[in-house]
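Undergrad: no FASTA, just this:
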């Protein structure tokens, strides 16, 4: 799954695990390490965790800079 641009303007190549509980995880894109986000996992691990992490990242609202990058 391709990742949408970060609010910093760069496009991350991967999402990195920060911390997790059974219901929620925190992750950060590898482009700038400044934009952490939390998403629901409900016990998911392995490939399913990354699928949820990528979907949550791509569905997040973005600032004007990232939206401009998407249209290029």
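TA: Cool, the structure landed. Note that the structure is predicted; figures quoted are calculated from it, not measured.

Undergrad: since we're on residue 60, how many residues are nearby?
TA: Residues near residue 60, counting by other Cβ atoms under 10 Å, number 14. In short, each C-beta sits where N, CA and C put it, glycine included.

Undergrad: same question but for residue 34, I mixed them up
TA: Residues lying near residue 34 (other Cβ under 10 Å) number 10.

Undergrad: Show the model's pLDDT score for the closest residue to it other than its chain neighbours.
TA: With Cβ to Cβ, 6 or more residues apart in numbering as the criterion, residue 34 has its nearest non-adjacent residue at 6.5 Å, and that residue is residue 8. Per-residue confidence (pLDDT) for residue 8: 89.

Undergrad: Surely residue 8 touches residue 32?
TA: Yes. Residue 8 lies in contact with residue 32 (Cβ atoms under 8 Å); the separation is 4.2 Å.

Undergrad: So between these two, which is more surrounded?
TA: Shown here are residue 8 and residue 32; by other Cβ under 10 Å, residue 8 has more neighbours (17 against 13).
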